[in-house]
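J.: Sequence plus predicted model, see below.
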Amino acid sequence: MRYYCGIDIGSQSAKCIIIDKKKNLISKSIALTGVNAAKIGDSVFQDALNQAGLKEEDIVQIVSTGYGRNRVERAGSKYTEIMCHARGMEHLIPGTRTLIDIGGQDSKVLRVQGGKVENFMMNDKCAAGTGRFLEVMSNVLDCELSEMGLKALQAEEHFSISNICTIFAESEVISLVGQGKNGNDILWAIVESVAVRTAGLARRLGVIPPVAMSGGVSENQGVVEALKQNLCVNIQVSPLSRWAGALGAALLAIEEDVIHTTE
Amino acid sequence: MSSNTATPQTTRIKRKGLLETTRESGKLLTEFYSRAHEAKAQGKKVAWCGVRVPVELLYAMDIVPVFPEQFAAMCAARKVAVQLCEVAEAAGYSPEICSYARTVIGHILAGDTIETPRGGLPEADFFLVTSTTCDTRVKWFEEMARITNKPIKVMEAPYCGDCFGGEDVLNPRYIDYHAREIENMIPFLEEQTGNKLNMHKLKEMLKISKKAHELLHSVYKLRNAVPGPMGSGDMFSDMFPTMYMAGLKDSLDFNQKLYDEVKGRVDIGKGIVDEEKYRLMWGNLPFWFNMGLFNYFESTGGAVVIETSYYIPVTVNPEDPFRSMAAKMLSNPGNCSMYPFRRLSKKFATEYKIDGAVLAYNRTCRPLYAIQMEIKKYLENEIGVPVVMLESDMADERNYSDAQVKTRLDAFIEMILEKKKGNC
C-alpha cells in the first residue's frame, strides 16, 4: 500500500495527515505552531507516523502548505492553503462551490468547482474576523475557545460590538462585562462580529451555494450560525473541516504521484 | 526617525533579465538630474511640475522642469521614501495622503539632513500643475508652494468622462478649454523667467516629441509578440524620456534604441523569460521599492508582458500645438473616468494574450485605488482570466507585507497553471 502525507503549517497550529492511495484517513496530528515552523513540521510528521505505525520510508510523497510551507524541507512540493483547502473540502463535502475558510490570522473565501479554485478573496490586513480575534476574546471572557460557540448560541439578548479593531473591541467587551451584560450575550456579539466581516468578504466574491466552511474557526458553532443568518444560506461543516488544508495537501501528494508512477 | 526602513524581502529588479536599453536608462536619469542641478547653478529657472504639464513648452522656453512624482518613485526605489514620509508626518501631514506627496514634502522639510538620490530635486523657482488624474496633486503642489513661498500656476483640466483613444473621441470643448489653460500658462512663465516663447522652437520640439511618442507606440505594438520581448519591469524605467523629456532629442534617440532592441528580440523570438509558460498584465502603479516582484513569476515561466499604467494614446501635432498638447494630456485614461480605464484593461488583456492580471491596490493613490475592484470584475467577466489584487502602496514600504503578497501570488499562479493544464 502506498501512503501520502500533507503537512499544514498554519499561523496558529500545525497539522499533519496521512492517507492511503484510496484516500482513506490513516492518522492525523496537530500541535501549536510556535516559533519554529521547521521543527513543528517534523514533530507533527513523526507523531502522525507513530500513530499510523508507519516509518518515514513508507510515505511516497509529502506536500506542505500553510504560511510555513517553505520550511518543510522533506516536502516534495509546496502549495498554498488556498489550493489545498479547495481539494480537501471537495473530498469532505463534494460539490462545494463557495468555501469560507477562517484561520488563525486570516480569512478567505474561495469559489471552487470540483476541488479547483476559480477565484478567491482574502482578508489578511486585519485580525478582526479571524481566529486571533476569538482568541483575544476568549482570554477576556475567560471562556475556552471550544465552549465559545455553544455558549453564544444560548444568547437571549442580541447587540453588536461596534469597534472594527480587535484591540478596541477588546476594550468594548471589558466595558460590557462591567455593565453586567450576560456572558452568553456578549459571546454572541463576538461571533456575530466575525460573521459580519467574513460575510462582507463573501459577498464581494459572490456566494454560490452549496457553501462550506473550513479552518479552525469552523468548529465554532456560534460563528457558523451567525454566518448562516447573515448570508441567508446553509453552510456545511465537516468534523474534519479544520484539517482541510493538510488533507488537501495529502490529496495533492496522490495527484503528484499518479503523474510519476504507473501503479 | 527610523534608521532601517527596508523590509528584507523587497528587492530591486534583476538587471540580467532587463533590456540593454533599460540597463542604460539609469545613466540618462543621472544626466537629467545633473543637468537640472547645473542649470540651477547657472541661474536658469527650475519648475517643479506635476505629470501632464506639457514639458515641450517648458523646454522651448529654456525652463528646467523636474518632476516630484518621478522623484518620489526614485526615493522609494532607493529606500529613502519612508524616512521622508516620517518627516512629513511628524510635521502633521496625514499618513493617509498620497505617499508621493509625503515623500517630497518630507524632502523639502528635511533638506540636506536626509540624503536623496541624484542630489535630490534642485530648489524650485515656481510650481506648475494641472488638475488631471487626481485632486490631491493640486493641493499637494499648492502646499509645496506655500511651504517654500514660491509662485504656482494651476491649470484646470476637465475630467473627460467617457473618452478613450484619441482626439476624435475627446469632447472638443474640453480640448479647447484645456488648450486655453495651457496658453494662459505662458504669461506666467514669461513673468517668472523673463524668457519669451519662440513658436518656431516649440514646433520643432513638438516634431521631436511626436516622433519619439510614435516610436514608443510602435514598441507597444511589438510587445504583443509571443514570447513577450519587453516586460513591465523594463517599461517602468523606459517610459521616462517620453514622459519627462518630451521634445528633447535624447528622448528620440532613446526610443529609437529601444525600438531597435525590442524589434531585434521579436525577430529572433527572444522573450523576457527563457521559456514563457504564462503571460501577465500589471494594472496600476508598481511598488517602486519592490521592483524585484516582476522577477517573481520567472521561476514558474511567467512574464509580465504589459501594463496599463502610463499609456498615453494621443501624440502632439506641431501644426496644432496647444490643442494637441491639451488632447495628449487629457487622453490618458487616468484623466477620464473608470470606463476608459476598464476598456484599456480589456483591450490590452486581449491584444497581449494574457493569462492573468495583477492589479496593484495602492492605498494612497485614490483615483487608481478606487477603480481596481471594478476592473478586476470586468476582466474576470469579459476575458475570463484570473485576477489577483495586491494591497500595498507605490512608495510607502510600511504598507507592504511580503508573506501576504506572496501567498496571494502563489495561489494566483497555481490557478493559472491549473487552468492552462486544462483542469479548470
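T.: That came through fine.
J.: Pull the contacting residues for residue A:225.
T.: Residue A:225 sits next to A:149, A:152-153, A:191 when contact means CB atoms under 8 Å, 6 or more residues apart in numbering or on different chains. For the C-beta atoms, the positions are set from N, CA and C on the backbone; glycine is no exception.
J.: Which element is encountered next along the chain beyond whatever helix or strand it lives in?
T.: Element membership of residue A:225 [criterion: DSSP states H and E] is helix A:221-231. Counting by DSSP H and E, the element after helix A:221-231 in chain order, helix or strand, is strand A:235-237.
J.: Packing partners of that following strand?
T.: strand A:211-214, helix A:221-231 (3 or more CB pairs under 8 Å, 6 or more residues apart in numbering or on different chains; DSSP states H and E).
J.: From the ones you listed, pick the one with the highest average neighbour count.
T.: Using mean count of other CB atoms under 10 Å in any protein chain shown, the stretch among the helices and strands packed on strand A:235-237 with the largest mean neighbour count is strand A:211-214, at a mean of 27.
J.: Packing partners of that strand?
T.: For strand A:211-214, the packing partners by 3+ CB pairs under 8 Å, 6+ apart come out as helix A:81-92, strand A:98-102, helix A:221-231, strand A:235-237.
J.: Tell me which of those sits nearest to residue A:137.
T.: helix A:221-231 (11.2 Å; CB to CB).
J.: sorry, back to before: okay, the helices and strands packed on strand A:235-237 in CSV with distance to residue A:22 and mean pLDDT next?
T.: Shown next, in CSV, are the helices and strands packed on strand A:235-237 (distance: least, CB to CB, whole Å; pLDDT from 0 to 100):
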stretch, distance to residue A:22, mean pLDDT
strand A:211-214, 22, 98
helix A:221-231, 30, 96
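J.: near chain B, which residues of the stretch 151-263 of chain A show up?
T.: residue A:204 (CB under 8 Å from any CB of the partner chain).
J.: what sits against residue A:240?
T.: By CB under 8 Å, 6+ apart, the residues touching residue A:240 are A:25, A:92, A:247.
J.: Helix, strand, or coil at the nearest residue to the first one once chain neighbours are set aside?
T.: Think residue A:25. Excluding its sequence neighbours, the residue lying closest to residue A:25 (CB to CB, 6 or more residues apart in numbering or on different chains) is residue A:19, at 5.8 Å. What DSSP: H, G, I helix; E, B strand; the rest coil gives for residue A:19 is strand.
J.: Show me what residue A:19 bridges to in the sheet.
T.: Judged by DSSP bridges, the bridge partners of residue A:19 are residue A:4, residue A:25.
J.: Taking the stretch 151-263 of chain A, what residue is nearest to chain B?
T.: residue A:204 (7.5 Å; CB to the nearest CB).
J.: do you know how far that residue is from residue A:235?
T.: 17 Å (CB to CB, to the nearest Å).
J.: So what's the residue count around residue B:333?
T.: Counted by other CB atoms under 10 Å in any protein chain shown, the residues lying close to residue B:333 total 25.
J.: I figured it hits residue B:348, correct?
T.: No. The criterion here is CB atoms under 8 Å, and residue B:333 misses it with residue B:348 at 10.7 Å.
J.: Common neighbours of the two, please.
T.: With CB under 8 Å, 6+ apart, residue B:333 and residue B:348 have common neighbours B:308, B:311.
J.: how would you label the closest residue to chain A within the stretch 1-150 of chain B: helix, strand or coil?
T.: Among the residues of the stretch 1-150 of chain B, residue B:9 lies nearest to chain A; the distance is 12.3 Å by CB to the nearest CB. At residue B:9, secondary structure determined by three-state DSSP is coil.
J.: And the strands in the stretch 201-350 of chain B?
T.: B:278-283, B:302-307 (DSSP state E, counting those that start in this stretch).
J.: Pick the most buried one from those.
T.: strand B:302-307 (a mean of 27).
J.: Give me the residues contacting that one.
T.: B:223-224, B:227-228, B:230-233, B:235-236, B:271-273, B:276-283, B:286, B:294, B:297, B:348, B:352, B:354, B:358, B:413, B:416.
J.: May I have that strand exported as PDB, CA atoms only?
T.: The C-alpha trace of strand B:302-307 is given here as PDB (Å, rounded to 0.1, in the frame of the first residue of the first chain):
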ATOM      1  CA  GLY B 302       5.600  33.700 -16.100                       C
ATOM      2  CA  ALA B 303       6.300  37.100 -17.700                       C
ATOM      3  CA  VAL B 304       4.600  40.400 -17.000                       C
ATOM      4  CA  VAL B 305       4.300  41.500 -20.700                       C
ATOM      5  CA  ILE B 306       2.200  44.600 -20.400                       C
ATOM      6  CA  GLU B 307       0.900  47.200 -18.000                       C
END
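J.: Which of residue A:204 and residue A:235 has more residues huddled nearby?
T.: residue A:235 (19 against 14).
J.: Run through the residues that contact that one.
T.: Contacts for residue A:235 (CB under 8 Å, 6+ apart) come out as A:100, A:211-213, A:224, A:227-228.
J.: Distance check, it against residue A:145.
T.: Taken as CB to CB, the span from residue A:235 to residue A:145 is 19 Å.
J.: try residue B:342
T.: In terms of CB to CB, residue B:342 sits 44 Å off from residue A:145.
J.: In terms of packing, which of the two has more residues around it?
T.: residue B:342 (20 against 16).
J.: Next, name the residue at the spatial heart of chain A.
T.: Closest to where the C-alpha atoms of chain A average out (CA atoms, centre = their mean) is residue A:215, at 1.0 Å.
J.: pLDDT value on that one, please?
T.: pLDDT recorded at residue A:215 is 92.
J.: isn't it right next to residue A:101, touching?
T.: Yes. Applying CB under 8 Å as the test, residue A:215 and residue A:101 come out as touching, 4.3 Å apart.
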